[in-house]
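Chemist: the following comprises the amino acid sequence and a computationally predicted model.
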Amino acid sequence: MGYSHPREEDEECGDAPNKEDIPPLKIRRLESPVKDEYKIPKLSNGDIKYVKEELNEINHTLLKREFEAKTDVTSDLNENNDKIDSDCSSFKILSELKNETDVDDIKREIEVKRPPTGYVDAESDSDEEVEPPRVYPPTKDILGEVPQEEIDEDIWKPMTFYPTYEEFKDLQKFVTYMESKGAHKRGIAKIVPPKEWIPRKKGYNPSDIDIELDHPVQQNISVTEVEGAFKTISDRSIPHFTVEKYMRLATNEKYITPPHNSYEELEELYWKQNVDDKLPAPIYGADVCDSITDPEEKVWNIKRLDSLLTEVMEEQIPGVNMPYLYFGMWKATFSWHIEDMDLYGVNLLHYGAPKTWYCVPPEEGYKLEQVAQKLFPDMTTACYNLMRHKAIMISPKLLEANGVRVNKMVQEERNMIIVFPHAYHSGFNHGFNMAESTNFALPRWMEYGKRFRDCVCRGQDDEVSFNLKPFVKKVQPDRYEAWKRGNDWALHPADPWFLKRLYLDAQVRLDRGEISEDEMKKLKREVRKKRKIPDWFKDRFELDYCDDLKYLDVDLTDCIEVLESPAKITSPRVMSAKRRLMDMVEDGKINVNVKMNKLRSSTANIYLEEMKAYEEMKAELMREEQERKDAAASGLGDQGLGSGAARGVGFAGTNMEDLLEKRSRVVCKAKKKHRFKACTKCTGCRKENCGECEYCLDMPRFGGMGVIKQKCQDRVCVNPIVTTCDQCVWTI
């Protein structure tokens, strides 16, 4: 299929050629060398149209209506007739080519010179032809059909274990037993320790725990446009606490757990209250590097667990092989994350209110990552592995609506939660509690540790939290040398099916010569850092697999858990008692006897004295707090509220009582007069500057002089926060 030049129907072949009739450059180059005695005249309308790939049938488009038969032209040429009809010049060219060159040679020459179908190069004057792009077979033709994934429904049934004291003694043996039952596939498991195990024999009175909460975290919630997804912005600038003061704050009426009838109801309140701008942000006493387990305790002592980290690791890393304490309150949140280096994790709830845990099984973790990347595109742009920053929270309902199922467990006092390698987990606290946590490692972890993908925005130096050499040498001595040389490459044990197919596809294409050795190394480097198919590989080949999770068109209301009615879940004994009671009410026989044992007067007096002392202490604390409020309201002293505190345009309509309470709670020993600042989480704080009000027009960014120095009138903060310094202390 060559190039044809358009012409008019009534055009005659004998007309003199003009500029528009000159054949394209590509056609003119097809002339084959001939002897000098043959003078090839210019074609009047030199269009040659290829009807077939072979040159057996060539029709000239400029022939006269009355042209000579092909046999006559051939005979004239054989007799060396000097008079050549110009109208039949194209046939003479063909005959000369036949005399000089074999037709097969012409075919080969033209096949080389002919451009591919659809190729147009009107501007090129070069004789060099552009080679057509190489066509690669699709993956489906090379590897066959995509194998069907086997779905194990048991991964959605997290397990609870009740070991005896003898079984509980050996950590490694018992966790290995848990994994033999498939607990690790769920990602999370609960252990109810035996009653004989008492980690702290002197109890958990907050006044007896001499530990300072050095860097408590105020968790400001920044909601997104999608309901059920928000960021947790940590503010560690608030003053430190003692455990007793933190307990008082957590049980204060502003922070205390709201009334509820079930864990499910409290969970609903958690997700609703997090989008309320005016509620106070929870303060989490997290990452306190200490332990409240008795040092002499030998069994499951969180400070020194029996694991590879204790046997092999020499360096001490807080939270990894050194315990962390967590003092929680209502709504204090631990966002979605996996453990450092994909280690095992253990969390013991020593005392207090429960925790709700969410967990995604390791094999499903990639789906959570993809949903997070869609919901938080700005964070994904900054760091592809955004989940490593432990700063986002997504509700189970929103995840289920996007095809990600979540396991849920409630951890009560004295319960242990075990998190297995590469299990994404998150959760929240129901109220004031004390928990202790650390990491540990078993031989099965080794492959997870070697393939761990860390944050990509901090640089390669931060990808490994600790030296893996001694671990590989102890657990995998036969692979140690290859690992040191960088030849021990493999996919992560929890990598999804599409990465496994990518690696197989790349290996086959490497053997076929479709990618080079350097490109294979590049692919390995990219997959090592990010759980995705490299863009250059997707652009070059036609793949039958994809790394993009498709959103499901699911109504969120379909994901609301429907609880069974009480009539269906009560026992037959309770139902029988209920029927008898209703029959008595109908008959008018109300006979309810409540038997109570009388309390001895000596015991009652003890409780009354304790209650009286508590009431007196509470009254004294309230009197002192009221004095501080009065001083703040009067504007006197260092703690005075002043006439300008939170009075600007950006705090219009702020509740004065709320400001007084916040100011009275903190005392600065350095006698600094701290100002209020915006909370950065409410709807007003998240708005953009309008660029039109008088305050925006005064800003330098909008060309103003910066004289008024006020926020945009649309960006009104409804929950101002008092600033603090390292000399500030809480007065709770």
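Modeler: The structure has been received and is ready for your questions.
Chemist: quick check, pLDDT for the nearest residue to residue 137 once chain neighbours are set aside.
Modeler: Nearest non-adjacent residue to residue 137, counting by CB to CB, 6 or more residues apart in numbering: residue 542, 8.0 Å away. Where you see a C-beta, it was placed from the backbone N, CA and C, and this is true even at glycine. Looking at residue 542, its pLDDT is 93.
Chemist: for residue 260, give me its contacts.
Modeler: Going by CB atoms under 8 Å, 6 or more residues apart in numbering, residue 260 touches 266, 269.
Chemist: do I have it right that residue 495 meets residue 366?
Modeler: Yes. Using CB atoms under 8 Å, residue 495 is in contact with residue 366, at 7.5 Å.
Chemist: which residues do those two both contact?
Modeler: Going by CB under 8 Å, 6+ apart, residues that sit against residue 495 and also against residue 366 are residue 531.
Chemist: more neighbours: which of these two?
Modeler: More crowded of residue 495 and residue 366, by other CB atoms under 10 Å: residue 366, with 23 against 20.
Chemist: so residue 428 sits in a strand?
Modeler: Yes. Counting by DSSP: H, G, I helix; E, B strand; the rest coil, residue 428 is found in a strand.
Chemist: tally of neighbours for it?
Modeler: Counted with other CB under 10 Å, the neighbours of residue 428 add up to 24.
Chemist: count of neighbours near the closest residue to it other than its chain neighbours?
Modeler: Of all residues not flanking residue 428 in the chain, residue 333 sits nearest, at 4.8 Å (CB to CB, 6+ apart). When counting by other CB under 10 Å, one arrives at 20 neighbours for residue 333.
Chemist: go ahead and confirm residue 333 touches residue 232.
Modeler: Yes. Between residue 333 and residue 232 a contact is recorded at 5.8 Å, counting by CB under 8 Å.
Chemist: need the overlap of contacts for those two.
Modeler: 219, 393.
Chemist: those helices in the stretch 101-250 of the chain, which residues are they?
Modeler: 103-113, 139-143, 165-169, 171-180, 183-186, 243-250 (DSSP state H, counting those that start in this stretch).
Chemist: any idea which of those has the lowest pLDDT on average?
Modeler: helix 103-113 (a mean of 45).
Chemist: so which of the helices of the stretch 101-250 of the chain is nearest residue 444?
Modeler: Nearest to residue 444 among those is helix 171-180; the distance by CB to CB comes to 7.1 Å.
Chemist: list the buried residues in that closest one.
Modeler: 171, 174, 175, 178, 179 (16 or more other CB atoms under 10 Å).
Chemist: which of the residues you listed sits closest to residue 269?
Modeler: residue 178 (32.6 Å).
Chemist: you'd agree that closest one is up against residue 161?
Modeler: Yes. Between residue 178 and residue 161 there is a contact under CB under 8 Å: 6.2 Å.
Chemist: mutual contacts of those two, please.
Modeler: Contact criterion CB under 8 Å, 6+ apart; residues shared by residue 178 and residue 161: residue 189.
Chemist: follow-up on the earlier one: I figured the residue nearest to residue 137 hits residue 139, correct?
Modeler: Yes. At 6.7 Å, residue 542 counts as touching residue 139 under the criterion of CB under 8 Å.
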